[in-house]
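> here is my input, please return the structure:
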Amino acid sequence: MHVCTRIRGAFPVVAIQPLIIFFSNLPRVQQTSRRRRRSCNIFAMVLLRAAAVSVAATTAVYAHRTTDFVHASTSLSVPGTASGASVPHSNSFASFSFEPAFWVDFFGNASNPNTLTFNVLKRIHEHGGNPVIRPGGITMDSMIFDPTAGDVVRTTSPKGAVYRTTVGPEYYKSWNNFPNGTKFVSTLNFGNESLAISKGLAVASLTYQSDKVVYLELGNEPTNYVKSRWNDSTANYVKQWKEYTASIDAAVNALPGSGLPQERWWASSATTDDSGLEVRPAALIPAGIDSAKQVGIYSIHSYAFSTCDPKRAALATIPNILNHTELVRYCDEEIYPSARAALDAGSQWNIGEFNSVSCSGNPNVTDTFAQALWVVDSELIYATRNASATHLHQGATLALQSNNQVNTPGANGSPGFSTYSMLYPRDSDLRGPARTLPSFLAQLFMAEAFAVGDTRVRALALPPPPPPSSSSLSAATVSSESFSAYAFYVKDRLSKVALVNMKPYYANSTSDFSVQIDLSAAAVAAAANSTGSQTLRLKRLTAPHVDTKNNSLTSWAGQAFPMGEPVGQMVVETVAKDRVVRVRGSEAVLVFFDDHVYGI
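Below is the predicted model of the structure:
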């Protein structure tokens with residue numbers, strides 16, 4: 001955590017339509033009382049949960065032509081080969097970071113796993129993803145291993161500040177509940193400045209799960225440690241980091257069956273904040289952090305917005321988090337210089353922890369459909385900059401992050417789950433019933449985008465806007481500030497195109513901000529370089545409006561996933577022969593140029 005910044009069942013699908021219509025009207029009829037609105041929303045969620053149970057999902061897929069439109073379309077130039085695209089990406093590109101103090105809340109324990117969370121992970125795997133799990137965040141620097149401990153124990157102050165997270169063998173055994181093939185980063189406490197604690201965690205992780213650990217990480221965001229520890233000296237930090245990692249390596253290498261490669265460490269794990277201590281890759285590499293050739297990945301943390309204080313919270317709005325131009329600027333100015341240093345040194349880099357709004361998100365912004373669009377666009381921006389993975393952070397409010405932050409824990413220090421998370425893993429007084437949030441659907445989008453190994457991606461340039469005298473109505477609406485496009489390649493062939501229309505579309509908008517994108521040139525180029533089908537298909541990520549919060553009303557390819565199980569019939573659209581694709585404001589589509597389409 002960044003401290004600053006349907007097998008069809010007995011009930012037909014239409015059985016839930018009255019409920020959906022009723023709940024979609026709730027925001028318009030529940031405006032007299034916050035308390036009444038909260039109660040009705042909880043009541044609505046309970047009924048929708050019942051509806052989701054009553055209506056099973058169907059595995060059938062049907063296709064329909066996209067609608068014909070009146071306005072002119074914008075032609076998008078898409079190179080037919082991967083020349084100039086990113087490095088190859090695996091289906092683990094879209095990965096996760098989970099705050100370890102809330103491990104049991106999210107995952108349960110070894111013998112009683114959390115059904116909702118594992119439904120969510122199962123869906124991601126089914127759609128082609130294989131996220132790596134980093135049990136990381138600020139509370140990893142409160143972790144200790146106790147061989148006699150049972151479940152993970154979170155020790156907090158009355159106000160919810162976490163100052164110790166005790167893990168035992170059961171914590172590592174709970175990793176067995178994850179989908180087959182899931183790998184983990186073993187995260188080690190550096191904050192307590194105890195080599196014994198750090199080494200104990202590393203040895204325990206490889207004793208119990210040697211086949212699942214792929215990297216080790218020492219400490220979270222050292223830029224936020226007490227200033228007196230290294231006195232803002234990069235050299236002092238590097239010296240102590242190397243002393244710890246050398247000692248831990250010796251202990252780990254002595255274990256029977258240890259199979260970790262020499263380049264096993266994440267390094268840096270720093271924020272973009274100007275704290276005085278410079279430990280991003282651009283500073284660490286010339287300081288000799290990798291003189292022993294043990295760094296596997298340089299990790300950078302990214303939070304472009306924040307609710308850690310009222311001034312920054314005022315900027316954490318839906319229009320701001322969906323400004324593609326500013327997201328690119330933030331990446332290129334705050335993140336990429338250090339990423340470039342890692343790449344120039346012949347190393348990999350990743351986004352080891354990130355989300356839209358630090359200090360647990362912003363209610364009515366990050367718990368809406370806007371967050372799903374933000375996830376898709378942000379992760380693809382980093383993919384085009386050759387990040388090896390992005391680890392989207394999940395957790396709960398931590399009282400020690402800031403003394404004037406917007407979010408607070410629940411009553412008596414109980415979890416106040418972060419509104420930027422993809423789910424609320426269990427019922428809570430503060431967040432209501434356990435359920436997924438709209439941003440979960442972004443994970444299915446990303447899983448399918450990178451489902452085929454060694455996928456390369458590039459950002460696509462939009463055509464210049466037409467002159468003021470132009471009669472074109474559609475092209476003028478395709479703005480780089482609110483629209484982005486990406487091409488995906490497999491074996492040097494165009495496989496997919498993602499179109500993301502981030503123009504906020506609200507219930508009271510006077511336009512739906514639709515754009516029409518002509519992909520005919522791309523289809524010709526793909527056909528010339530392929531022996532596969534000439535049919536273009538697409539899946540649509542959509543919601544009634546950008547600020548929709550009810551995940552029973554949001555959908556990926558026609559299906560909703562309010563409790564992690566699909567509800568409704570999968571819809572795979574067939575692109576018409578004119579190859580024009582319509583994307584409404586606050587929608588994203590994934591267009592498939594080959595037959596690697598989940599569900600068909």
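> please count neighbours and contacts with C-alpha atoms only from this point.
OK.
> outline the domain layout of the protein.
As recorded under automatic domain parsing, the domains making up the chain are 13-58, 61-84+456-592, 94-449.
> lowest average pLDDT across these?
Lowest mean pLDDT within the domains of the chain: domain 13-58, at a mean of 37.
> tell me which residues touch the nearest residue to Ala396 once chain neighbours are set aside, please.
The shortest distance from Ala396 to any non-neighbouring residue, by Cα to Cα, 6 or more residues apart in numbering, is to Phe417 (3.9 Å). By Cα atoms under 8 Å, 6 or more residues apart in numbering, the contact set of Phe417 is Ser360, Gly395, Ala396, Thr397, Pro409, Tyr424, Arg431.
> PyMOL command to pick out the buried ones of the residues you listed?
Entered in PyMOL, the line below selects the buried ones among the contacts of Phe417, by 16 or more other Cα atoms under 10 Å:
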select buried, resi 360+395+396+397+409+424+431
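> backbone dihedrals for the spatially most central residue of the chain, please?
By Cα atoms, centre = their mean, the mean C-alpha position of the chain lies nearest to Leu392, the distance being 3.8 Å. The phi and psi torsions at Leu392 (degrees, to the nearest 10) take the values phi -70, psi 130.
> check Lys242 too.
According to degrees, to the nearest 10, Lys242 has phi -70, psi -40.
> got a list of what it touches?
Ile289.
> show me the helices in the stretch 201-350 of the chain, by range?
234-253, 281-284, 310-313, 318-321, 324-330, 336-344 (DSSP state H, counting those that start in this stretch).
> which residues are in contact with Phe369?
By Cα under 8 Å, 6+ apart, the contact set of Phe369 is Pro438, Ser439, Ala543, His545, Val546, Asp547, Thr548, Lys549, Thr554.
> redo those residues as CSV? Include distance to Arg329.
CSV is the format used below for these (distance: Cα to Cα, whole Å):
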residue, distance to Arg329
Pro438, 26
Ser439, 23
Ala543, 27
His545, 26
Val546, 23
Asp547, 24
Thr548, 27
Lys549, 28
Thr554, 29
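> what's the farthest-apart pair in those?
Ser439 and His545 (13.6 Å; Cα to Cα).
> ok, those two, which is more surrounded?
Ser439 (27 against 22; other Cα atoms under 10 Å).
> what residues does the closest residue to that one other than its chain neighbours make contact with?
Among residues not flanking Ser439 along the chain, Ala372 sits closest, at 3.9 Å (Cα to Cα, 6+ apart). Applying Cα under 8 Å, 6+ apart to Ala372 gives the contacts Pro438, Ser439, Phe440, Leu441, Ala442.
> who's in contact with the closest residue to Ala82 other than its chain neighbours?
Nearest non-adjacent residue to Ala82, counting by Cα to Cα, 6+ apart: Asp492, 4.9 Å away. Contacts for Asp492 (Cα under 8 Å, 6+ apart) come out as Thr81, Ala82, Ser83.
> in CSV, list these along with neighbour count, secondary structure and distance to Glu334.
Shown next, in CSV, are the contacts of Asp492 (neighbours: other Cα atoms under 10 Å; DSSP: H, G, I helix; E, B strand; the rest coil; distance: Cα to Cα, whole Å):
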residue, neighbour count, secondary structure, distance to Glu334
Thr81, 19, coil, 30
Ala82, 20, coil, 27
Ser83, 12, coil, 27
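> so Val597 versus Ser77, what's the distance?
23 Å (Cα to Cα, to the nearest Å).
> make TSV from the helices of the stretch 201-350 of the chain and add distance to Trp175 to it.
Formatted as TSV, the helices of the stretch 201-350 of the chain follow (distance: least, Cα to Cα, whole Å):
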stretch	distance to Trp175
helix 234-253	19
helix 281-284	30
helix 310-313	36
helix 318-321	34
helix 324-330	34
helix 336-344	30
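> can you tell me the closest non-neighbouring residue to Gln408?
Not Gln; residue 408 is Thr. Thr397 (5.9 Å).
> that neighbour contacts Ser360, doesn't it?
Yes: counting by Cα atoms under 8 Å, Ser360 is a contact partner of Thr397 at 5.5 Å.
> overlap of the contact sets of these two?
Common neighbours of Thr397 and Ser360 (Cα under 8 Å, 6+ apart) are Asn407, Phe417, Ser418.
> re earlier: tell me the one of the contacts of Phe417 nearest Leu460?
For the contacts of Phe417, the nearest to Leu460 is Ser360 (32.0 Å; Cα to Cα).
> where does that closest one land in three-state SS?
coil (DSSP: H, G, I helix; E, B strand; the rest coil).
> so the residue nearest to Ser439, which of the three states?
helix.
> measure the residue nearest to Thr574 when sequence neighbours are not counted to Thr272 for me?
Using Cα to Cα, 6+ apart and skipping the chain neighbours, the partner closest in space to Thr574 is Arg537 (4.5 Å). The spacing between Arg537 and Thr272, counted by Cα to Cα, is 40 Å.
> neighbours of Glu193, just the number please.
14.
> what's the helix or strand for it?
Using DSSP states H and E, Glu193 is not contained in any helix or strand.
> what is the neighbour count of Pro337?
Pro337 has 15 nearby residues by other Cα under 10 Å.
> need the residues that contact stretch 282-295.
Against stretch 282-295 from outside (Cα under 8 Å, 6+ apart): 234-235, 238, 242, 262-268, 278, 337-339, 341-342, 345.
> switch to 6 Å and redo it
Stretch 282-295 has contacts (Cα atoms under 6 Å, 6 or more residues apart in numbering) with Val238, Gln262, Glu263, Arg264, Trp265, Ser338, Ala341.
> contacting residues around the first one?
If I follow you right, that is Val238. When contacts are counted by Cα under 6 Å, 6+ apart, Val238 touches Ile289.
> kindly report the same for the fifth one.
Residues touching Trp265, when contacts are defined by Cα under 6 Å, 6+ apart, comprise Tyr215, Leu216, Glu217, Val295, Gly296.
> can I get the residues you listed in a markdown table including distance to Gly108 and neighbour count?
As requested, the contacts of Trp265 are exported to a markdown table (distance: Cα to Cα, whole Å; neighbours: other Cα atoms under 10 Å):
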| residue | distance to Gly108 | neighbour count |
| --- | --- | --- |
| Tyr215 | 24 | 20 |
| Leu216 | 23 | 25 |
| Glu217 | 24 | 27 |
| Val295 | 32 | 21 |
| Gly296 | 31 | 20 |
